[in-house]
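Trainee: predicted model follows, preceded by the sequence.
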Number of protein chains: 2
Amino acid sequence: MESERDDTPGGAIPTELCEALQNSHLWALLITPNFLQDEWCMYMMHQALAEAPMSARIIPLRQNLSHTQYPQELKFYYYIDLSFNSDRGYSRISRTVLKYLEDLAKSEKTRACNMDSSGKGLTPTLLGEARTYYICTTEDLIVGNERGKRITSCTV
Amino acid sequence: MESERDDTPGGAIPTELCEALQNSHLWALLITPNFLQDEWCMYMMHQALAEAPMSARIIPLRQNLSHTQYPQELKFYYYIDLSFNSDRGYSRISRTVLKYLEDLAKSEKTRACNMDSSGKGLTPTLLGEARTYYICTTEDLIVGNERGKRITSCTV
């Protein structure tokens, strides 16, 4: 399992992974046959589900998987299939991230206006990088590295 | 979120929930204001919809909900309202379960007869307990526990 974030050498792996997850807006899961064989990837999938199963923060990306291989736990989420037209797939990811952040910014703004007029309620991170955590195996990261970067560098 | 089934301690919650769902004939959803606030209940509602949206296996039970609170995803299913005459409501659930299983037994029997004369195609579980998965919050289960048992113990 690999990610685009810097982990802390010496830190406990599950703790580092969970903190990275909690510090991200969205979680993009690149689900491939390798992903299904990788216990840390599966661990992260379950962590993301436990964290916020109904928040629209989970983005399943499906690649080279048959219908029966796809995890039953993610069955009802819209997924993006990268198997055929991956460029189109990556555009959809960028649009999904952008849309999520626009909605989040709007709701934060409304919340801030309702709190007071000083704007203290605004979350500064929303104006910075869109923190999308890219969960995939090392093998798949080598293949999709450039594209992984494109996902995590989307900004508003 | 709570159910009438034994879950496996140490198992991943989403996996356990999905397997319990797949091992049940029917899914009774006790939809209350608590249900709508519970992410696992909503997760299970979506899993049930993804599993078999048109199979007549979903039984929405509505309790203390206004028209606008009722989930739009279940809008077109016949539901049973337990808010006023709950005894009548629970009788209707038993009848629904029984009817579903009678139809299922009939179709299995026909299928078996069409296959061969040895009766190999018959599903033995149909002759046992009607496996109805009762999806509700812990709070609502405390209130409706006895009745939950009545649903799951219906047999053919």
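Mentor: Cool, got the structure. Residues are numbered from 1 along each chain as shown, chains lettered A, B, ... in the order given.
Trainee: got the contact list for the one residue sitting closest to the centre of chain A?
Mentor: Geometric centre of chain A, nearest residue: residue A:27, 1.7 Å, by C-alpha atoms, centre = their mean. By C-beta atoms under 8 Å, 6 or more residues apart in numbering or on different chains, the contact list for residue A:27 reads A:21, A:44, A:48, A:57, A:58, A:59, A:132, A:133, A:135. Quick note: C-beta positions are derived from backbone N, CA and C, even for glycine.
Trainee: which strands or helices does the helix or strand the second one falls within pack on?
Mentor: By that I understand residue A:44. Taking DSSP states H and E as the criterion, residue A:44 maps to helix A:39-51. Secondary-structure packing of helix A:39-51 (3 or more C-beta pairs under 8 Å, 6 or more residues apart in numbering or on different chains; DSSP states H and E): helix A:13-22, strand A:26-31, helix A:33-37, strand A:132-135, helix B:13-22.
Trainee: give me the helices and strands touching the last one, please.
Mentor: When contacts are defined as 3+ C-beta pairs under 8 Å, 6+ apart, helix B:13-22 packs onto helix A:39-51, helix B:39-51.
Trainee: ok, residues contacting it?
Mentor: Contact with helix B:13-22 is made by A:46, A:49-50, A:53, A:72-73, A:75, B:1, B:3, B:5, B:7-8, B:27, B:40, B:43-44, B:47-48, B:51, B:133, as judged by C-beta under 8 Å, 6+ apart.
Trainee: sorry, back to before: can I get the CA coordinates of the helix holding residue A:44 in CSV?
Mentor: Taking Å, rounded to 0.1, in the frame of the first residue of the first chain, the C-alpha atoms of helix A:39-51 are listed here in CSV:
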residue,chain,number,x,y,z
GLU,A,39,-4.3,-6.1,3.5
TRP,A,40,-3.5,-2.5,4.1
CYS,A,41,-5.6,-1.3,1.2
MET,A,42,-8.5,-3.4,2.5
TYR,A,43,-7.8,-2.0,6.0
MET,A,44,-8.0,1.5,4.6
MET,A,45,-11.2,0.8,2.7
HIS,A,46,-12.8,-0.3,5.9
GLN,A,47,-11.4,2.7,7.8
ALA,A,48,-12.9,5.0,5.2
LEU,A,49,-16.3,3.2,5.4
ALA,A,50,-16.2,3.4,9.2
GLU,A,51,-15.2,7.1,9.2
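Trainee: now do the buried residues in the helix or strand following it.
Mentor: Of the helices and strands lying after helix A:39-51 in sequence (DSSP H and E), the nearest is strand A:58-62. Within strand A:58-62, the residues that qualify as buried are A:58, A:59, A:60, A:61, A:62, counting by 16 or more other C-beta atoms under 10 Å in any protein chain shown.
Trainee: so the fourth one sits right up against residue A:45, yeah?
Mentor: No - in terms of C-beta atoms under 8 Å, residue A:61 does not count as a neighbour of residue A:45; the distance is 11.9 Å.
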